[in-house]
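Peer 1: model this:
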Amino acid sequence: MGQYRAKLVELYEQGYTTKDLRKYFKVSGESLGEALKRLYGEDHIRQTRYSRIAAKSKAYTGNRSHPKLVELKETYSVTLKPDWWTKPTKRKYVRVHELVYCESHGLTEIPNGYDVHHIDFNKQNNDISNLILLSRSNHMHVHMQHRRCNDYPEREYTQVSGSAENPTYEG
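Peer 2: This next block holds a predicted model:
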């Protein structure tokens, strides 16, 4: 029994899906779920499941040694939705950078048509000095320019300036 437990922990921590683990151990989803809950706790399993789903929705990078394994790319940090959050959503989680921006500016949600942008393009840097509110079209433009600069560094592209409410483009 101990060898199965050790193997389950090893494969689970490598990122194998519960579907893959069920096939490997030839058990039902219910018994696998109970074993994982005993090992890790229900909250950890729920958070891990959400993180893996979010990672899959961002991009499937694939892995030649194990094609069903999703390599976790840099994704947004999430947290449980607070009671004061008013934006209608079916999810129990909100992105931390949106929460930080709203708390510091006295908002209860991000207005429709706007996005919170990470100035340094680091999705894990949720410091308020690194966050700015942009219209969705301006936000897409900023990321398009950033991708172009990274793809073709020898060319110069426009830089964003101005306030959060009224960004302007020079060029």
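Peer 1: Would you map the helices across this structure?
Peer 2: Counting by DSSP state H, the chain has helices at residues 2-13, 18-25, 29-40, 42-58, 96-105, 136-151.
Peer 1: Can you lay out these as a markdown table showing mean pLDDT, distance to Tyr114 and mean neighbour count?
Peer 2: Every residue, glycine included, has its C-beta placed from N, CA and C. Listed next are the helices of the chain as a markdown table, based on pLDDT from 0 to 100; distance: least, C-beta to C-beta, whole Å; neighbours: other C-beta atoms under 10 Å:
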| stretch | mean pLDDT | distance to Tyr114 | mean neighbour count |
| --- | --- | --- | --- |
| helix 2-13 | 82 | 38 | 12 |
| helix 18-25 | 84 | 37 | 14 |
| helix 29-40 | 86 | 37 | 14 |
| helix 42-58 | 67 | 21 | 14 |
| helix 96-105 | 90 | 10 | 18 |
| helix 136-151 | 82 | 6 | 14 |
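Peer 1: What's the local residue count around the spatially closest residue to Tyr93 that is not a sequence neighbour?
Peer 2: Closest residue to Tyr93 apart from its sequence neighbours, by C-beta to C-beta, 6 or more residues apart in numbering: Val78 at 4.2 Å. Val78: 19 surrounding residues under other C-beta atoms under 10 Å.
Peer 1: Quick one: residues contacting the spatially closest residue to Leu32 that is not a sequence neighbour.
Peer 2: The spatially closest residue to Leu32, leaving aside those adjacent along the chain, is Arg22, at 5.4 Å (C-beta to C-beta, 6+ apart). Arg22 makes contacts with Ser28, Gly29, Leu32, as judged by C-beta atoms under 8 Å, 6 or more residues apart in numbering.
Peer 1: and if we set it to 10 Å?
Peer 2: By C-beta atoms under 10 Å, 6 or more residues apart in numbering, the residues touching Arg22 are Ser28, Gly29, Glu30, Ser31, Leu32, Gly33.
Peer 1: bridging residues for the residue nearest to Tyr93?
Peer 2: Arg95 (DSSP bridges).
Peer 1: pLDDT score assigned to it?
Peer 2: pLDDT for Val78: 83.
Peer 1: ditto for Tyr93
Peer 2: Per-residue confidence at Tyr93 stands at 83 (pLDDT).
Peer 1: Now do the same contact list for Val96.
Peer 2: Neighbours of Val96 in contact, by C-beta under 10 Å, 6+ apart: Tyr76, Ser77, Val78, Thr79, Lys123, Gln124, Asn126.
Peer 1: right, and the helices of the chain - which one's nearest Lys87?
Peer 2: Lys87 lies closest, by C-beta to C-beta, to one member of the helices of the chain: helix 96-105, at 8.7 Å.
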